Every structure is written in structure tokens, then in C-alpha cells.
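Engineer: my questions are about this predicted structure, shown below with the sequence.
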Amino acid sequence: MEYRKEYFSDARREDLTEVGVTRQRSDVLGHVTGKTQYYADRTFPGLLHLKMVRSPHHHARIKSIDISKALKVPGVVRILSAKDVPQNIYTILCLIQVEPNDEPVLAFDKVRYKGEQIAAVLAESEQAALAGVAKVKVAYEELPAVFDVEEALKPGAPLVNEYHGRNWFTYEGHHCRRVRFGNVEEGFAEADHVIEEMYQSSPIEHAPTETTGCIVVPDQNERYACYSNTQALYFTLDNSALILNSPFHKLRLIGGTVGGGFGGKVDVITEPIAFLSAMLTRRPVKYEYTREEEMQVSSPRAAERIYIKDGVTKDGRILARKVRLYVDAGAYSRHSPYGTTKAAAHMPGPYTIPHVWVDCHCVYTNRTPSSAMRGFGVTIGDFALEVQMDKLARLVGMDPMEFRILNAYRDGDMKAHRKEVQGAALVECVKAAADLAHWPIGERYKAMSSEKREA
């Protein structure tokens with residue numbers, strides 16, 4: 001794509017040497033010739049197949065689990081339940097001191113979303129494993145469920161996750177992640193126009209060509225090698241070791257080509273139970289999602305609901321922005337507390353606004369746990385903010401490009417998070433985009449720069 005260096009100062013130009021330059025991917029020849037090897041291309045003698053017994057309910061108490069008939073299915077070797085997992089309750093973000101542990105590897109007391117893992121059936125073939133799954137009998141007491149973020153926060157809503165004791169994640173004693181800058185009510189009082197809009201997204205599935213999975217193989221000296229399509233080898237290694245109460249050097253993660261990830265393969269779900277299965281059977285074990293499982297139980301991008309209230313002057317300057325944002329974490333934390341923090345950090349966008357008030361809620365519901373997906377915590381908020389900017393521009397009768405240039409960060413401005421802006425480039429980017437799109441902007445705005453705010 002063409003770009004124009006004249007919009008950028010010398011200090012900014014030197015960072016643009018790769019923009020618009022075509023580079024051949026280092027792995028492209030393997031892909032197009034079919035020589036690229038994926039984890040599932042490997043075969044091992046004595047390989048066992050792991051299939052999971054999953055909950056048919058969104059929220060239910062587990063009263064009993066009967067595996068007696070499943071163990072009699074020809075080819076079934078072993079069935080694992082929660083009691084077999086050394087540390088069954090964990091949270092992925094414990095590695096960065098996020099508490100509490102809130103998710104079982106295998107459910108034992110309750111299920112909190114449809115498709116949750118309950119028991120792992122290990123068999124000589126995939127068909128035998130599926131037959132074994134069909135014979136496991138789980139007795140449930142179905143419970144009320146909640147699927148809406150604002151309903152989940154109301155008094156008397158069904159409690160999703162007892163490990164939190166409430167339907168929201170707590171940030172340093174607060175019910176949400178907060179940003180406070182200036183006095184937003186004063187800003188609204190000074191504004192010529194005030195509008196509030198709501199934006200809503202749905203969960204978004206990554207839909208990778210290659211479904212989530214791994215193969216764990218017993219190695220020498222009581223070590224185990226895991227061939228995985230995880231996007232985060234060391235993250236997976238550390239979490240697996242904690243779940244298994246295993247020394248880290250006993251586990252080896254081997255990555256390779258990931259057949260589509262986009263953030264969806266950073267959750268540590270398949271590897272710990274595959275490691276454990278190989279340890280208990282002393283045989284290689286393969287755990288691979290079917291396409292149906294990938295769509296039902298792999299973590300999507302979180303659904304978000306965002307309320308944005310803005311106060312703006314008639315000449316187009318935003319004086320106040322108030323944001324209430326709700327992230328649907330689903331039944332467990334996974335990466336959502338971090339994603340919610342990113343959302344708060346990203347507000348109010350790349351614009352200098354003197355009065356800002358932000359509350360970002362990480363909410364638990366009886367939906368599939370959400371997690372990472374390409375800019376999670378930022379992407380949906382960006383969409384909402386930029387649609388809001390278009391609406392504000394129309395409200396005050398301004399060109400949307402010029403409106404953005406007017407309100408964009410300048411070097412030396414103070415962000416709502418009390419960090420001074422350095423290296424801003426939005427003004428130049430908007431001007432370059434307008435030029436490429438043959439979008440006319442006024443001479444006043446063409447003369448503006450990110451390096452200083454005009455008088």
C-alpha cells in the first residue's frame with residue numbers, strides 16, 4: 001500500500017521503512033507444497049485417543065458420575081475424572097498473580113457452561129472413545145442460568161462462579177476497572193451538545209482451519225513431550241506443570257506451525273489433561289477438538305456492551321466522555337480480567353479529552369468462557385469509539401476526518417491515564433488516509449501536526 005512520507009517528520013519516517021514493502025513469508029513454500037508438518041501429522045505406536053464427556057446444560061449441579069458401563073466398552077482403556085487431577089482448580093492468569101483460581105480442569109461439583117469438560121475417556125481408537133463417552137452417565141440437577149452481563153450484576157441473579165462469590169471480577173477492591181480524569185459532570189455542563197449511545201457485540205469464534213489439539217508422548221527419564229498447536233509454548237508449559245504438580249523439566253512442549261490461531265490457541269485446556277493421561281497410562285495420547293467442539297467450547301472473543309456518553313462544543317471539541325463497558329467473561333476468568341484492563345486502558349481512544357470517566361466490568365455469565373482474539377479488549381471498543389466519533393461529527397456539522405484531526409492527541413498532551421503523549425501520529429495518519437481516499441480536508445486541518453497543538 002502506498003503511503004506519503006511528507007506527512008511525517010524525520011523522526012517518524014525512519015520507522016516506516018517496511019510499510020508498503022512486500023516480503024515473502026519464510027514458511028510459505030512449505031504451505032503451498034504440502035510439506036509443512038502439523039502436530040497431528042505425527043503418528044506413534046500405541047496411541048490412545050482422548051474424548052471428553054461434556055455437559056449438556058448451561059448450569060447444573062453434578063449429583064453423580066457412573067462410568068461402569070463405559071469401562072466395559074471394547075477398546076476403552078481408562079476414564080479420568082476430577083479426582084485424578086493433582087491441582088484441579090486453576091486459572092490461566094495465575095502466572096501474573098491474577099486470583100482466585102476459579103476453573104476446574106474437569107468439573108466435579110457443578111457445570112457452569114454448556115460443553116464443560118467432566119470426564120476424559122481414553123481408548124484404542126477414536127470410535128471406541130466416542131462409544132465410551134456415550135456410556136458415561138451423569139446425573140444433573142439443573143440450575144437457573146444467566147446469559148446477560150447487566151442481568152448478571154443485578155441483586156438476586158444466579159451465582160455463576162462460587163470461587164469469586166459474585167458475578168464480577170474485583171480490581172484492587174473495586175467492582176470494575178476504573179479511569180478518572182478531570183470532572184466529567186463539569187464537562188457535560190460546559191458542553192453545547194451531550195449524546196449517549198450503546199454498542200453491542202456478540203461472541204466471535206476464531207474458526208481456525210486446524211482445530212485445537214495436542215499429542216503427548218512418554219519420553220525417557222520420566223519426561224513427557226507434548227506436540228501442540230498452542231500459540232504460547234512457555235505459557236502452556238508453566239500452567240501444565242502447576243496443574244500437574246510436576247517439575248517443569250519433566251514436561252517438554254514442542255510447537256510448530258499453527259493452522260490458524262488468532263489468539264484462540266493461548267488457553268491451556270487440552271495439554272494438561274493429555275499430559276496427565278499419558279502419565280497414568282504410560283502411552284501416547286491424542287486430544288483433538290472436533291469441529292463441533294471448536295465451535296462450542298473453544299474460547300471466543302468476548303461479547304461486549306458499551307455505553308458512551310459524550311459532551312462536545314459546537315465548534316467540535318470533545319469536553320467530556322463517560323464510558324460504561326461490560327465484558328462477558330463467560331463462566332471463568334481465563335484471559336478476560338486482563339482483556340477488561342486493556343479495554344479500560346484504551347479508553348477514551350487516541351483523543352485529548354479534559355474530562356474522562358470510565359468503568360469497565362468483567363462479568364461472569366453461564367456462557368462459554370471468552371478469551372484472547374486479535375486485540376481483545378481493544379478491537380470492539382475501537383469500533384464503538386470510532387462510530388461515536390462519526391456521530392459526533394455529524395451532530396456538530398463537521399467533516400469526520402477534520403473532527404478527528406481536531407481532537408487527536410498531540411505530543412505533550414496528558415492522557416486520561418496521566419501519561420504524557422509522546423510520538424503521536426494520528427493527525428498525520430488521518431491526513432495520509434484522506435489523501436489516499438481522495439477525501440478533501442480544509443487547509444486549516446492540513447496545516448495541523450501531532451508535534452504541537454495549534455493555538
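Structural biologist: Ah, there it is.

Engineer: and stretch 250-261, what's buried?
Structural biologist: Of all the residues in stretch 250-261, those buried under the rule 16 or more other Cβ atoms under 10 Å are Leu251, Arg252, Leu253, Gly255, Val258, Gly259, Gly261. Any C-beta I mention is one placed from the backbone N, CA and C, and that applies to glycine too.

Engineer: now do stretch 387-394
Structural biologist: Buried residues in stretch 387-394, defined by neighbour count with 16+ other Cβ under 10 Å: Gln388, Met389, Leu392, Ala393.

Engineer: same thing with stretch 221-228?
Structural biologist: Quick answer for stretch 221-228 (16+ other Cβ under 10 Å): Tyr224, Ala225, Cys226, Tyr227, Ser228.

Engineer: now do the contacts for Asp102.
Structural biologist: Asp102 makes contacts with Ile89, Thr91, Asn161, Tyr163, His164, Tyr332, Ser333, as judged by Cβ atoms under 8 Å, 6 or more residues apart in numbering.

Engineer: excluding sequence neighbours, find me the nearest residue to it.
Structural biologist: Spatially, and ignoring its direct neighbours in sequence, Asp102 is nearest to Tyr163 (3.9 Å; Cβ to Cβ, 6 or more residues apart in numbering).

Engineer: which of the three states applies to that neighbour?
Structural biologist: Assigned with DSSP: H, G, I helix; E, B strand; the rest coil, Tyr163 falls in the coil class.

Engineer: separation between it and Tyr332?
Structural biologist: Using Cβ to Cβ, to the nearest Å, Tyr163 is found at 9 Å from Tyr332.

Engineer: who has more neighbours, those two?
Structural biologist: Taking other Cβ atoms under 10 Å, Tyr163 and Tyr332 do not tie; Tyr332 has more neighbours (27 against 16).

Engineer: now do the contacts for that one.
Structural biologist: Tyr332 sits next to Thr91, Asp102, Glu103, Arg112, Asn161, Tyr364, Pro369 when contact means Cβ under 8 Å, 6+ apart.

Engineer: max pairwise distance over those residues: which two?
Structural biologist: When the contacts of Tyr332 are compared pair by pair using Cβ to Cβ, the farthest-apart members prove to be Thr91 and Arg112, with a separation of 13.6 Å.

Engineer: tell me which of the two has more neighbours.
Structural biologist: When neighbours are counted by other Cβ under 10 Å, Arg112 comes out ahead of the other of Thr91 and Arg112, with 29 against 19.

Engineer: so that one touches Arg367, yeah?
Structural biologist: No: the criterion here is Cβ atoms under 8 Å, and Arg112 misses it with Arg367 at 9.3 Å.

Engineer: if we can go back for a sec, for the contacts of Tyr332, which one is nearest Val285?
Structural biologist: Taking Cβ to Cβ as the measure, Val285 lies nearest Glu103 of the contacts of Tyr332, at 21.3 Å.
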